[in-house]
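> Give me a 3D structure for the following:
(2 chains)
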Amino acid sequence: MSQTKDHAALAEVFNADEPRVDWHDETLWFIRQKRDKAAHTIPDWELLRETASQIKQHVLSNLSDYLQQFEANAKANGIIVHWAADAAEHNRIVHGILLQHQIDRMVKSKSMLTEECHLNEYLAEQGIEVIDSDLGERIVQLAKEPPSHIVLPCIHKKKEEIGELFHEHLGTPAGMADPQVLTEAARQHLRETFLTRRAALTGVNFAVAETGEFVICTNEGNADMGAHLADVHIASMGIEKLIPKREHLGVFLRLLARSATGQPITTYSSHFREPRPGHELHLVLVDNGRSVQLGREDFRNSLKCIRCGACMNTCPVYRRSGGHSYHTAVAGPIGSILAPNLDMKKHADLPFASTLCGSCSNVCPVKIDIHEQLYKWRQVIVKEGYADRKKTLGMKAMTQAFASPTAFRLAGKAGRWFMRHVPFVVSNQMNPWYKQREMPIPPKESFGEWYHKNREKHA
Amino acid sequence: MTVGLFIPCYVDQFYPNAAVATLELLEKQGVQVVYPPRQTCCGQPMANSGFEHLTKGSNDLFIQNFSGFDYIVAPSGSCVLHLKDHLHSDKHPAEAAAIRGRIYELIEFLTDVLQVDNLQARFPYRVGLHQSCHGQRGLKLAQMSELVAPPFSKPEQLLNMVEGLELVELARKDECCGFGGTFCVAEEAVSVKMGKDRVADHLQHGAEYITAADMSCLMHMEGILRRQKSNVKVLHIAEILNSQAL
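Below you'll find the model as predicted:
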């Protein structure tokens, strides 16, 4: 899919169907409320967030040491460890493993990293079929769309639309939109997939440095089904997924599901430590820009993210623009601070797709200062020359007016005079404010003028 | 005690009544208020658009205007937060730091510095309180719904002192209105939708007035209310706290 429209343009398209925007907003707000309820069951919630944030801070400050410790322990467990500098190398490594085993069909559970690397597209070009086994991901895969949310990939689809997709692809009756029937159809379809695929790829939620094991959290058990039934298990993880010790899972597992969906814990939190006899377990450690982000002091703690999606659910802009308007694998507030690191020009619009309301930073279980980083990215993007020319000129004019009291007073007086006497100068369809909002009614005198008349003796 | 009154540029130009109410409210509390006439803008519109490096001129002007006061008070959480976070000067670093420490948003100045416990105000209407994000999440004027922490609200504390005023409950008590500075035109579709939804929450709960400590949010919501030909009005919180309605 070629990307020419920016977030504002894509959001405008999304907003053409207002009842749908309302439905999308309310669906995600419901999840935010579930998160609030779950958080309030833990009196020490804020302490838990702070603890998680500090553990991640410690990991990021000692990342190379923990990576080497993890690698040594994982190898000792019999895991085959690979290192990928970028997305392309990751994809080649995965392809190489499949070629080695002459496998051309693979099942894959949820992994936002493989979305980031565009693995499915790459493997398709190599003639390898990938079936996503997470129900939501399978739905968007059948619809030939990317996920619109990192935890709820098909949250933008209504059950009737899913019914149509299943009718077309899985043979459910036309018009069938009962979630239970549709889920059963997906279950039968995926069961056949699990039983016949010799390779399974999974993501990684947490990798434990002291034991060389990793943990995958799912609600559907699909990562386990894939990995347990396949001869070859490939796990892909970003290098920031490390935690020092197993005991730290007691912090992160309590935060993850509560923040994501309001559940106390995911249905499955599965530990993978070593391959079963006769099987292979591969782990691909992927950098793909993470070490660059680690070097950006203002943005490094974005690498604390545990991909819960709470910032998306609470974001009033995300809820009213939809995940696809962010045109990146990870949408929403967190995506908007991660994406510019990967490609600043392509994602120059994303840090501006926010009102800087700050709700994202408050729900973040690892206390990433998301809205402050959005502000800082704006400064970087403008300085690097990715702001549009019209905006730059406007800002320069505004700056001059505000730096000079006389210019400000004249501009203000002239502006108010025009608005009172020739209102169509501003009240027209060329003015984006006026399109759906009335202009303020300009008063005869400014406060400065009032003060001059009424309180001059004080000045 | 001498207070320097900072009136944000758009309040000066479009909402002088909010500024007059702020001045009178402070004077009623026995504060000596001075309005430096050469003031313009805090620089936030440029900075939030990514042009913080262009705000040197407005920063230096602000420092010229507001150095030396015991306190600086402004009827805007957003402008005050911006100045607290970003007012810097290579020429006058000490003065900039002093201002960052002495600047207050009006509400917090009344509750925390003046510790007002009684207002001679009357406003017999149903009022919806809009929590402007920068005042709430930035200056912590009220507890935030995301946090597991004890509730408090400085604006409600003051509004509860106003005779006859009835605060309406909202379904989403601290959701952003979608103004967001240049966001309101750059992301027009989402901005308007957020504003419409916020306004609808107040209307559904029977508000006759919508108030806030930030006029910018109110200007945006007023634009939507007037387009909908609604009878519901917006008023800056200073105007309600200073109100002597019959």
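> residues in contact with residue 149?
Unless you meant another one, I'm taking chain A. For A:His149, the contacting residues are A:155-156, A:309, A:312, A:323, A:331-332, by Cβ atoms under 8 Å, 6 or more residues apart in numbering or on different chains. Bear in mind the C-beta positions are built from the backbone N, C-alpha and C, glycine included.
> Sorry, I should have been clearer: chain B.
Taking Cβ under 8 Å, 6+ apart, one finds A:46, B:143 in contact with B:Ala149.
> for A:Val13, phi and psi?
phi -60, psi -50 (degrees, to the nearest 10).
> what about it, neighbour count?
Residues lying near A:Val13 (other Cβ atoms under 10 Å in any protein chain shown) number 14.
> Could you tell me how far it is located from A:Met312?
The gap separating A:Val13 from A:Met312 is 19 Å, by Cβ to Cβ, to the nearest Å.
> cool, B:Ala149 as well?
Computed with Cβ to Cβ, the distance linking B:Ala149 and A:Met312 is 23 Å.
> Lowest mean pLDDT among the helices and strands, pick that one out for the chain.
Using chain A. Of all helical and strand segments in chain A, the minimum by mean pLDDT, DSSP states H and E falls on helix A:389-403, at a mean of 80.
> I was thinking of chain B, sorry if that wasn't clear
Using mean pLDDT, DSSP H and E, the weakest-scoring helix or strand in chain B turns out to be helix B:44-46, at a mean of 91.
> Can you give the contact residues for the next helix or strand after that one?
Note on helix B:44-46: by DSSP states H and E, the next helix or strand toward the C-terminus is helix B:56-66. For helix B:56-66, the surrounding residues in contact (Cβ under 8 Å, 6+ apart) are A:399-400, A:402-405, B:4, B:6, B:36, B:38-43, B:46, B:72, B:83, B:87-92, B:95-96, B:99, B:103.
> A:Val215 in helix, strand or coil?
What DSSP: H, G, I helix; E, B strand; the rest coil gives for A:Val215 is strand.
> Who are the contact partners of it?
A:Val215 touches A:204-208, A:249, A:253, A:269-272, counting by Cβ under 8 Å, 6+ apart.
> and which of those is nearest A:Leu242?
Nearest to A:Leu242 among the contacts of A:Val215, counting by Cβ to Cβ, is A:Ala207 at 5.1 Å.
> any idea of the pLDDT on the closest one?
At A:Ala207, the model reports a pLDDT of 98.
> Could you do B:Leu246 as well?
The per-residue pLDDT reported for B:Leu246 equals 54.
> Quick check: mean pLDDT of the longest helix along chain B?
Across chain B, the longest stretch assigned as helix under DSSP state H is helix B:188-204. Here helix B:188-204 scores 98 as its mean pLDDT.
> As PDB, could you dump the C-alpha coordinates of it?
Written as PDB, here are the backbone C-alpha positions of helix B:188-204 (Å, rounded to 0.1, in the frame of the first residue of the first chain):
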ATOM      1  CA  GLU B 188      -9.600  20.000  11.700                       C
ATOM      2  CA  ALA B 189     -11.700  16.800  11.400                       C
ATOM      3  CA  VAL B 190     -10.500  15.100  14.600                       C
ATOM      4  CA  SER B 191     -10.400  18.400  16.500                       C
ATOM      5  CA  VAL B 192     -14.000  19.200  15.700                       C
ATOM      6  CA  LYS B 193     -15.200  15.700  16.500                       C
ATOM      7  CA  MET B 194     -13.500  15.800  19.900                       C
ATOM      8  CA  GLY B 195     -15.100  19.200  20.500                       C
ATOM      9  CA  LYS B 196     -18.600  18.000  19.500                       C
ATOM     10  CA  ASP B 197     -18.300  15.000  21.700                       C
ATOM     11  CA  ARG B 198     -17.100  17.100  24.700                       C
ATOM     12  CA  VAL B 199     -19.900  19.600  24.200                       C
ATOM     13  CA  ALA B 200     -22.500  16.800  23.900                       C
ATOM     14  CA  ASP B 201     -21.400  15.400  27.300                       C
ATOM     15  CA  HIS B 202     -22.200  18.800  28.900                       C
ATOM     16  CA  LEU B 203     -25.500  19.200  27.000                       C
ATOM     17  CA  GLN B 204     -26.700  15.700  27.900                       C
END
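> Any idea how far that helix is from the middle of the chain?
Centroid displacement of helix B:188-204 relative to its chain, using Cα atoms, centre = their mean, to the nearest Å, is 19 Å.
> how about that helix: buried residues?
Under the neighbour-count criterion of 16 or more other Cβ atoms under 10 Å in any protein chain shown, helix B:188-204 has B:188-199, B:201-203 buried.
> and if you look at stretch A:85-101?
Those would be A:87, A:89-91, A:93-95, A:97-98, for stretch A:85-101 by 16+ other Cβ under 10 Å.
> Report the entries of the residues you listed that also contact chain B.
Counting by Cβ under 8 Å from any Cβ of the partner chain, the subset of the buried residues of stretch A:85-101 that neighbours chain B is empty.
> Show me which of these is closest to chain B.
A:Ala87 (27.8 Å; Cβ to the nearest Cβ).
> The closest one contacts A:Arg290, doesn't it?
No - assessed by Cβ atoms under 8 Å, A:Ala87 is found out of contact with A:Arg290, at 11.5 Å.
> so what's A:Asp224 closest to, chain neighbours aside?
Spatial nearest neighbour of A:Asp224, excluding adjacent residues (Cβ to Cβ, 6 or more residues apart in numbering or on different chains): A:Ser270 at 5.3 Å.
> Dump whichever strand or helix holds the one you found to CSV, restricted to CA.
Using DSSP H and E, A:Ser270 sits within strand A:268-272. Below are the C-alpha coordinates for strand A:268-272, written out as CSV (Å, rounded to 0.1, in the frame of the first residue of the first chain):
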residue,chain,number,x,y,z
TYR,A,268,-1.6,-17.8,28.9
SER,A,269,1.8,-16.6,30.1
SER,A,270,4.0,-19.3,28.7
HIS,A,271,7.7,-19.8,29.5
PHE,A,272,10.0,-21.1,26.7
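> Which parts of chain B are strands?
B:2-5, B:32-34, B:71-74, B:103-105, B:126-129, B:166-167, B:209-212, B:233-236 (DSSP state E).
> Of those strands, which is nearest chain A?
strand B:32-34 (5.9 Å).
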